[in-house]
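Enquirer: return a 3D structure for these sequence lines:
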Amino acid sequence: MTGTIEEHLRSIVGNEHVRAASAADVVAGVQPSLIVEPGNEKELASVLRFSNEMGLAVIPRGGGTKMGWGNPPARADVILSTARLNKIIEHVWADLTVTVEAGCTFQKLQEALAQHGQRLALDPLWPEQATIGGVLSTNDSGALRLRFGALRDLIIGITLALPDGTLASSGGKVVKNVAGYDLPKLATGAYGTLCVITRAIFRLHPLPRNSRSFSVLAGSVEETHRLMHAVQDSQLAHTALQARFEASFAPVADVLFEGSEAGLAAQESQFRSIAHPASVSEANPTVWNARQELWNSSESSAIAKISILPGDIAKTIRAIENTAGLHRFHWKAAVQATGVGWLRVDGAPEVLHAVLTKLRAEIESTGGSLVILHRPAQMPPFDAWGEVGDALSLMRAVKQQLDPAGTLNPGRFVGGI
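Expert: As a prediction, this is how the structure comes out:
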C-alpha cells in the first residue's frame, strides 16, 4: 500500500492508530495491509469514505472472534477496527433501553446492565471478546432466542456508516432516517457487507430472580424430539430448550426455567410429569455452553449452523447418523427447539467435504440450510452458504445500492456479495 494512502489515514485517526497488518491479522487466508482504529463515528466514516474513493477493500473487525465465518474475502486491504468505539453511551434503565457503541464487548455491556438488575437477553459465543457490532453483523444468538426472540427482535435502533461516508440512523432515538430501508434489520446478519455498524440501541429485560436447568435422558432420537415437542406444546414458561446429540451417545434434552422459587417449583413439577418415565436430573448451567464447546480443538473439524423446521429435528439427526455410517466420522450437535442448531464434524479434509456436500443437499431438499462457520485450511473449496433461492437477486440489488464499488467485505457473503 502506498505511503500516500497510509499518510492520509494517519491524518484522520492519528499516527498511533494505524499499523501494518501482521500474520495474526489474516482473514480466512487473505493477508490485509493495514489496521486502522478510528476513535469515533466521524473518523470511522472518513476512513471508510477515503478507502471507498481509493478502491480499497475494507474488512470491519470487532473482537475478531468470527473473522473466519463466511467465505474468504476476494481481497483485503484495510482492517477497520471498532476497538476504540467501546462506550456504553446511555442506559435508560427506567425505559429498559441501552445505547452502546459497536466496539463494546458483550460481557462489558452485561456487567453494566446487571448493576440495575437488567440484561440484554442474548447469549452469543465468546461474550468476553465478542463485540456488539460483530454479534449483530453475524446475527449470533443462542438458546435464549426461544423466549426473547432473535437479534432483530431486540434491536430497536442503529447508527451505521455507509461506504460513501454517510452516517445514517434508524429506529429508536433517530438522528437521521434513510427512507426505504429498515436499517436495524438490514444490517443484522449482513456480515459487514453493506455498512459498518457504529452504535446500536436495544430493548432490555429484567434479570431473573432465580433460574434452574434440567436434563433428560429420553432414550432415542425420536423420543428426545417428541419430548421437545411436548414441552413446546405445553403451558410451561421455559426460557430455553435444546437437545444435545453425539455419535455413540444417548441424546440429552435440556430445559431452562427462570422466575421466583415458587414458580420454579411448579414448573419443575409439570416438566417432570411431561418427561415421565424418562430420567430427569437438575443440570449445571454449563449445559448452555454446548454450542460453544463444539469449537474446542476444532482445527481438524468443520462446524456448521443448520436451520430446519422444528418438526424435522429427528429426521435431520438420523440423516447425520446415516451419513456417519457411510463415511465413518465422529460428530456432535446442539439443536434448539426453534430448529436452529450447530453441528461439528471431525475427519480428514476430503471426508469433511463429501459429508457436508451430502448433508447440505439433504437439508436443503426440505427447505433448510447448512452454513459452514469453520473448516480446516486443507479442506477442498466449499461455499459457506449454499443455495439461497430467489432472494439472491434482491440481495445483490441492495448491495449495489449501498456499496456499488464492493468496498466492504467483498465476496464474503451469499452469492459472492
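Enquirer: every contact and neighbour count from this point should use C-alpha atoms.
Expert: Fine.
Enquirer: return the distance of the helix or strand bottoming out on mean pLDDT in the chain from the chain's centre.
Expert: In the chain, the helix or strand scored least confidently by mean pLDDT, DSSP states H and E is strand 167-171, which has a mean of 89. Centre-to-centre, strand 167-171 and its host chain are 22 Å apart (Cα atoms, centre = their mean, to the nearest Å).
Enquirer: can I get it in CSV, CA atoms only?
Expert: Only the C-alpha atoms of strand 167-171 are listed here, as CSV (Å, rounded to 0.1, in the frame of the first residue of the first chain):
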residue,chain,number,x,y,z
LEU,A,167,-23.6,8.2,8.9
ALA,A,168,-27.2,7.1,9.0
SER,A,169,-29.5,6.2,11.9
SER,A,170,-32.8,4.5,12.1
GLY,A,171,-35.2,3.3,14.7
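Enquirer: show me what that strand is packed against.
Expert: With contacts defined as 3 or more Cα pairs under 8 Å, 6 or more residues apart in numbering; DSSP states H and E, strand 167-171 has these neighbours: helix 41-53, strand 155-161, helix 183-187.
Enquirer: so after the last one, what's the next helix or strand?
Expert: Read it as helix 183-187. strand 196-203 (DSSP states H and E).
Enquirer: before we move on, what about the first one?
Expert: Once the chain leaves helix 41-53, the next helix or strand it forms, by DSSP H and E, is strand 58-61.
Enquirer: name the helices or strands packed onto the helix or strand following that following strand?
Expert: Remark: after strand 58-61, the chain's next helix or strand is strand 78-81, criterion DSSP H and E. Applying 3+ Cα pairs under 8 Å, 6+ apart, we find strand 78-81 packed against strand 34-36, strand 58-61.
Enquirer: which elements pack onto the longest strand seen in the chain?
Expert: Taking DSSP state E as the criterion, the chain has its longest strand at strand 249-259. On a contact count with 3+ Cα pairs under 8 Å, 6+ apart, strand 249-259 meets strand 210-217, helix 221-232, strand 240-246, helix 261-275.
Enquirer: now with 7 Å?
Expert: strand 210-217, helix 221-232, strand 240-246 (3 or more Cα pairs under 7 Å, 6 or more residues apart in numbering; DSSP states H and E).
Enquirer: quick one: closest of those to residue 133.
Expert: Nearest to residue 133, of all these, is strand 240-246, at 24.4 Å by Cα to Cα.
Enquirer: run the chain-centre distance for the closest one.
Expert: Offset of strand 240-246 from its chain centre (Cα atoms, centre = their mean): 18 Å.
Enquirer: CA atoms of it as PDB?
Expert: C-alpha atoms of strand 240-246 as PDB (Å, rounded to 0.1, in the frame of the first residue of the first chain):
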ATOM      1  CA  ALA A 240     -34.600 -22.300  26.700                       C
ATOM      2  CA  LEU A 241     -34.900 -25.800  25.300                       C
ATOM      3  CA  GLN A 242     -32.200 -27.700  23.500                       C
ATOM      4  CA  ALA A 243     -31.100 -31.200  22.600                       C
ATOM      5  CA  ARG A 244     -27.500 -32.500  22.500                       C
ATOM      6  CA  PHE A 245     -26.600 -35.300  20.200                       C
ATOM      7  CA  GLU A 246     -23.400 -37.100  19.700                       C
END
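Enquirer: any idea of the mean pLDDT for it?
Expert: For strand 240-246, the mean per-residue pLDDT is 98.
Enquirer: name the helices or strands packed onto that strand?
Expert: Right, strand 240-246 is packed against strand 249-259, strand 330-336 by 3+ Cα pairs under 7 Å, 6+ apart.
Enquirer: burial check on the residue lying closest to residue 117 once chain neighbours are set aside, number of neighbours?
Expert: Leaving aside its sequence neighbours, residue 117 sits nearest to residue 207 (Cα to Cα, 6 or more residues apart in numbering; 5.3 Å). Here the count is done by other Cα atoms under 10 Å, and residue 207 has 17 residues near it.
Enquirer: is it correct that residue 207 is in contact with residue 116?
Expert: No: Residue 207 lies out of contact with residue 116 (Cα atoms under 7 Å); the separation is 9.0 Å.
Enquirer: just checking, residue 89 is part of a strand?
Expert: Yes: assignment of residue 89 by DSSP: H, G, I helix; E, B strand; the rest coil places it within a strand.
Enquirer: test my guess that it contacts residue 100.
Expert: Yes: between residue 89 and residue 100 there is a contact under Cα under 7 Å: 5.3 Å.
Enquirer: of the two, who's got more company?
Expert: Per other Cα under 10 Å, whichever of residue 89 and residue 100 has more neighbours is residue 100, with 24 against 13.
Enquirer: bridging residues for the more buried one?
Expert: residue 88, residue 200 (DSSP bridges).
Enquirer: check residue 345 too.
Expert: Beta-bridge partners of residue 345, as defined by DSSP bridges: residue 302, residue 331.
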